[in-house]
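Undergrad: Quick one: sequence and predicted model below, then my questions.
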Amino acid sequence: MSRIELNSAVTLREPAELVAHGLAPAADLSDLEKVAARYAVAVTPDIAALIDRNDPDDPIARQFVPSAQELVAGPGENADPIGDHAHSPVAGIVHRYSDRVLFKLVHVCAVYCRFCFRREMVGPGKATALSPAAYDAAIGYIRAHPEVWEVILTGGDPLMLSPRRLTEVMADLAAIDHVKIIRIHTRVPVADPARISSEMIAALKVEGATTWIALHANHARELTGKARAACAAIVDAGIPMVSQSVLLRGVNDDAAALEALMRAFVECRIKPYYLHHGDLAPGTAHLRTTIERGQELMRALRGRVSGLCQPDYVLDIPGGHGKAPVGPNYLSRENSPDANSSSPASSCSQQREQHAETRYRILDYCGEVHLYPPER
Ligand code: SF4
């Protein structure tokens with residue numbers, strides 16, 4: 001093995017570099033090389049600086065440092081876990097819902113998340129980069145579909161584009177009359193906040209369409225001072241932000257961690273939007289938890305933070321059937337005799353049945369049941 005230069009200012013992409021920087025044990029090197037041969041690896045200097053090398057369960061490391069467990073296929077996992085392919089009319093476009101499309105512009109990211117649902121499609125060397133002709137065809141598809149009100153730039157991470165190229169893309173989209181919203185999903189403000197330059201912010205704003213930014217972060221520690229400043233620059237420029245997070249075992253699957261994350265978003269003027277249940281991406285079972293645990297955590301969150309801090313807990317149904325909210329249900333119905341009925345009381349069971357009405361059982365944030373009167 002050639003000697004690895006220790007340079008904390010570059011993105012680490014090789015398992016040997018992770019070992020040399022104390023981010024992975026040397027004993028795992030051979031397994032990690034097998035993982036890296038299949039799935040891209042990148043740990044930016046900002047993310048590497050956040051990792052506690054003395055904590056074998058560090059929640060930041062779990063998200064970005066590869067693990068030999070990624071070589072194990074879990075039940076139901078597949079290369080296209082949310083069924084993008086089934087809804088892709090042209091390269092780069094996913095048109096699952098009528099009024100919006102995903103536009104997968106780039107296939108690279110600042111960091112590669114170990115649980116990524118597009119892990120078979122993102123990273124250097126993947127065959128998903130859009131050629132100029134494919135880009136034109138994708139823009140042509142959006143132009144030809146007047147029902148498309150919102151274009152969601154995703155990938156890969158769209159903020160890996162240069163400000164100059166992003167300006168061109170935003171102008172191409174905003175020139176389409178029916179495109180009113182351009183939403184950009186990104187991890188860059190936390191993974192590489194220096195990319196959020198004044199040029200990048202200028203590129204995000206475009207005449208003729210409204211830009212929204214969805215920030216992907218999963219642990220409050222990701223919202224460092226630099227990340228917060230990058231988000232503040234975006235919001236100060238008049239660009240609203242929402243969050244998206246993935247529920248991950250050992251990262252945010254406890255109420256305190258989730259609470260801290262949601263509070264951090266709101267402090268940054270980022271409205272919590274989605275908490276995704278982990279998708280069935282290959283080799284990610286060790287990072288998923290159960291839907292029951294997710295519901296339990298959402299119940300706990302309801303009792304700990306205001307509505308401002310509540311995301312929607314959602315699952316992308318495998319096979320391309322879209323998102324479904326899977327959070328806890330607080331309301332149930334029961335048929336019961338109407339105790340407040342204005343009809344004369346009767347001991348006759350037949351009459352009591354006639355007066356039976358649906359009333360509601362509602363759970364409060366402490367888990368206690370309350371009855372709500374029937375509707376008239
Ligand atoms: S930034 Fe998004 S697309 Fe890129 S690896 Fe992470 S989850 Fe996947």
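TA: Alright, I've got the coordinates.

Undergrad: Give me every residue in the stretch 1-150 of the chain lying close to the ligand.
TA: Listed as neighbours of the ligand in the stretch 1-150 of the chain under the rule Cβ under 6 Å from any ligand atom: 109, 112-113, 116, 118, 122. (C-beta placed from N, C-alpha, C; glycine too.)

Undergrad: Make JSON lines from these and add secondary structure and neighbour count to it.
TA: Listed next are those as JSON lines, based on DSSP: H, G, I helix; E, B strand; the rest coil; neighbours: other Cβ atoms under 10 Å:
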{"residue": "Cys109", "secondary structure": "coil", "neighbour count": "26"}
{"residue": "Tyr112", "secondary structure": "coil", "neighbour count": "23"}
{"residue": "Cys113", "secondary structure": "coil", "neighbour count": "24"}
{"residue": "Cys116", "secondary structure": "coil", "neighbour count": "20"}
{"residue": "Arg118", "secondary structure": "coil", "neighbour count": "23"}
{"residue": "Val122", "secondary structure": "coil", "neighbour count": "22"}
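
Undergrad: Distance to Tyr330 and pLDDT for those residues - can I get that in TSV?
TA: Shown next, in TSV, are these (distance: Cβ to Cβ, whole Å; pLDDT from 0 to 100):
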residue	distance to Tyr330	pLDDT
Cys109	37	96
Tyr112	38	97
Cys113	32	98
Cys116	32	95
Arg118	33	90
Val122	37	90
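
Undergrad: Could you measure from Ala203 over to Glu168?
TA: 9 Å (Cβ to Cβ, to the nearest Å).

Undergrad: neighbour-wise, which of those two wins?
TA: Ala203 (22 against 14; other Cβ atoms under 10 Å).

Undergrad: Check which residues of the helix or strand containing that one are buried.
TA: Using DSSP states H and E, Ala203 falls within helix 198-204. The neighbour-count check on helix 198-204 (16 or more other Cβ atoms under 10 Å) flags 200-201, 203-204 as buried.

Undergrad: Then stretch 171-191?
TA: Residues of stretch 171-191 classed as buried by neighbour count (16+ other Cβ under 10 Å): 172-174, 176, 179, 181-191.

Undergrad: Kindly report the same for stretch 154-173.
TA: Residues of stretch 154-173 classed as buried by neighbour count (16+ other Cβ under 10 Å): 154-161, 163, 166-167, 169-170, 172-173.

Undergrad: And the ligand, is it touching that?
TA: Yes - for stretch 154-173, a contact with the ligand is found by Cβ under 6 Å from any ligand atom, at 155-157.

Undergrad: Can you redo these as CSV, where the extra columns are pLDDT?
TA: Shown next, in CSV, are these (pLDDT from 0 to 100):
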residue, pLDDT
Gly155, 80
Gly156, 92
Asp157, 96
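
Undergrad: returning to that earlier point: out of the buried residues of stretch 171-191, the closest to the ligand would be?
TA: Closest approach to the ligand among these (Cβ to the nearest ligand atom): Arg187, at 4.1 Å.

Undergrad: Now do the closest one against Leu161, distance only.
TA: For Arg187, the distance to Leu161 - Cβ to Cβ - is 14 Å.

Undergrad: give me the number of residues near Ile362?
TA: 12.

Undergrad: Just the element for the nearest residue to it once chain neighbours are set aside, please.
TA: Setting aside the residues directly before and after it, Ile362 is nearest to His370 in space (Cβ to Cβ, 6 or more residues apart in numbering), at 5.1 Å. For His370, the host element (DSSP H and E) is strand 369-372.

Undergrad: Contacts only, for Ala237.
TA: Applying Cβ atoms under 8 Å, 6 or more residues apart in numbering, one finds that Ala237 lies in contact with 201, 204-205.

Undergrad: And the pLDDT for it?
TA: Here, the pLDDT recorded for Ala237 equals 98.

Undergrad: For Ala91, give me its contacts.
TA: Contacts of Ala91 by Cβ under 8 Å, 6+ apart are 130, 134, 137-138.

Undergrad: which one of those residues is nearest the ligand?
TA: Here the nearest of the contacts of Ala91 to the ligand, counting by Cβ to the nearest ligand atom, is Leu130; it sits at 14.8 Å.
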